[in-house]
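Q: Sequence plus the predicted model coming up.
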Amino acid sequence: MEFPDWWLNSFPEVGQVGGEYTAYLEERNVPPSIWWDFDLRVDPTLRRICVPVRDFDGVLRGLHGRAIDAGAKLRYKAYKFADVCNTDVWLGENRVDLTRPVVFVEGPFDLFAVRRVYANVVSPLYATPSMEKLRRMSDALEVITLFDRGAGGDAGRARVEKAFRDGQCVIHLQPPHGKKDPGVCSDAELRDLLHPHVQLIAK
C-alpha cells in the first residue's frame, strides 16, 4: 500500500509546530538537520513526533510515531492508511547503501543518534524483525547490529544471525555498560563503538 502525500501532509512539520515538540527533540539530542532531513511530523491529537517511512524507491509506505509524554500508555505507534500497515519496510531504506557496512538499530531515536556519526543506518522499528523483513536487506555485504542491551536486543541479534548466514559479514555491537540503547549514547560513545568497523561520515 502506497500512503498518499496528502495524508502525510495532514501532519504538520515538527519545525513549524515547535514548542514542546522541538524541545523534546533537543532533549533527545536530535539536531534540526535531522528534523528536516527525515521530514519529522507532529500528531497534535495523540501528542507524537512522527517519522515517514519510505521504501528503497522513496515511496511513502508508513508513518511511525513516538509519544512525547513520559506517561503515555503506548510509546510507539505504527500508523495505518486504509487499515493497512506495511510492516516489512525499514526506516532508512530510501537512504541505505548496501555496498557499505549497514548498521541495524531498533528504533527511530536510535537511528537518529547513530546518524549523527555514521550515515548508513536503518531501523526495522522494533527489536525482532521478521525473516521477511530481514530478507529486504539480504543484499547487504556487511551488517553491524547495535540493538539494545537486554532480552529484546538478544532476540534481535539471534534473528539477524539466523538470517545472514550465507556469506555476509555480521558484527554484533552493544551500547556501553550503563547505557540501554544507542539513543541515549553520546557521539563519543558511538564513535568509539563504530570506528573500528566503519568510516565515520555523518551526512
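A: All right, it came through fine. Numbers count the residues shown, from 1 in each chain.
Q: what packs against the lengthiest helix in the chain?
A: The longest helix of the chain (DSSP state H) is helix 151-163. Helices and strands touching helix 151-163, by 3 or more Cβ pairs under 8 Å, 6 or more residues apart in numbering; DSSP states H and E, are helix 131-135, strand 142-146, strand 169-173. For every residue, glycine as well, the C-beta is placed using N, CA and C.
Q: does Tyr118 count as helix, strand or coil?
A: Going by DSSP: H, G, I helix; E, B strand; the rest coil, the secondary structure assigned to Tyr118 is coil.
Q: State the distance from it to Ala82.
A: In this view, Tyr118 and Ala82 are 36 Å apart by Cβ to Cβ, to the nearest Å.
Q: Give me the more crowded residue out of those two.
A: Per other Cβ atoms under 10 Å, whichever of Tyr118 and Ala82 has more neighbours is Tyr118, with 24 against 8.
Q: so what's the nearest residue to Cys169 once chain neighbours are set aside up against?
A: The shortest distance from Cys169 to any non-neighbouring residue, by Cβ to Cβ, 6 or more residues apart in numbering, is to Glu142 (4.4 Å). If a contact means Cβ atoms under 8 Å, 6 or more residues apart in numbering, then Glu142 has Arg100, Pro101, Val102, Gln168, Cys169, Val170, Ile171 as its contacts.
Q: Against Gly167, how distant is Glu142?
A: Distance from Glu142 to Gly167, by Cβ to Cβ: 11 Å.
Q: next one: Leu193
A: Taken as Cβ to Cβ, the span from Leu193 to Gly167 is 24 Å.
Q: Those two: which is more packed in?
A: Using other Cβ under 10 Å, the more surrounded residue of Leu193 and Gly167 is Leu193, with 22 against 6.
Q: For beta bridges, what are the partners of the closest residue to that one other than its chain neighbours?
A: Nearest residue to Leu193, sequence neighbours excluded (Cβ to Cβ, 6+ apart): Leu173, at 5.3 Å. Per DSSP bridges, the residues bridged to Leu173 are Leu146.
Q: residue contacts, Leu173?
A: Ile144, Thr145, Leu146, Leu193, Leu194, His197.
Q: 7 Å instead, please
A: With contact set as Cβ atoms under 7 Å, 6 or more residues apart in numbering, Leu173 has these partners: Ile144, Thr145, Leu146, Leu193.
Q: Can you list the residue ranges for strands in this structure?
A: For the chain, the strands identified by DSSP state E occupy 41-43, 48-54, 60-67, 76-78, 102-104, 121-122, 142-146, 169-173, in order along the chain.
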